[in-house]
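> What follows is a predicted structure for the sequence shown.
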Amino acid sequence: RDGRFACQAWRDTVAAVNEKDAHLAEIGFFNEDYWTDMQDSNPDDLEARDIKFEQLDVEQGRATVDFILHSSVQTVHQKFVFCREDGDWRVHDIIRFYNDPDDKEASFSYMESMQKYLKEPVE
């Protein structure tokens, strides 16, 4: 999916994370399919719901789409941040929402998290 839907910056960052993790004995940064938040396999009934375009700036080549991934296994709230690259809209970041310890909705950016992870020393 990365080659078809993600921008070059996303693919380069994922490749760098995978390279760093190749030297680890345990699970590295990715413990799930970052596109769907599933660990084992994606169910046949997986679908995007409640799709909302939050931002579209054609001149800047940026867009943000908020949506729910729903399946019989789980429901995940996330956003795709798009950039315009080589004439196509490509995913530049995935924002994942989750409930924090106080049961309030919080979020994290995969791109920011990967970049931070890459700066951490290898143990």
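Thanks, I have it. Residues are numbered from 1 along each chain as shown.

> Who's the closest spatial neighbour of the spatially most central residue of the chain, skipping the chain neighbours?
When C-alpha atoms, centre = their mean is applied to the chain, the residue found nearest the centroid is Ile94 (3.0 Å). Using C-beta to C-beta, 6 or more residues apart in numbering and skipping residues adjacent in sequence, the residue nearest Ile94 is Tyr110, 4.5 Å away. Glycine gets a C-beta too; all of them are placed from N, C-alpha and C.

> and the one you found, what does it touch?
Listed by C-beta atoms under 8 Å, 6 or more residues apart in numbering, the contact set of Tyr110 reads 34, 93-96.

> same thing with Pro43?
71-73.

> just Thr13 next, same as before
111, 114-115, 118.

> so it, which of the three states?
helix (DSSP: H, G, I helix; E, B strand; the rest coil).

> Could you measure from it over to Phe5?
Distance of Thr13 to Phe5, computed by C-beta to C-beta, to the nearest Å: 15 Å.

> Equivalent analysis for Val122, please.
For Val122, the distance to Phe5 - C-beta to C-beta - is 29 Å.

> which of these two has more neighbours?
Phe5 (15 against 7; other C-beta atoms under 10 Å).

> Is the more buried one in contact with His92, as I believe?
No - using C-beta atoms under 8 Å, Phe5 makes no contact with His92, being 10.6 Å away.

> hey, where'd the helices end up in this structure?
Ranges of helices in the chain, per DSSP state H, are 2-5, 8-21, 110-119.

> Using CSV, lay out those together with mean pLDDT.
Below are these laid out as CSV (pLDDT from 0 to 100):
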stretch, mean pLDDT
helix 2-5, 87
helix 8-21, 94
helix 110-119, 95
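
> closest to Asn42 out of these?
helix 2-5 (14.8 Å; C-beta to C-beta).
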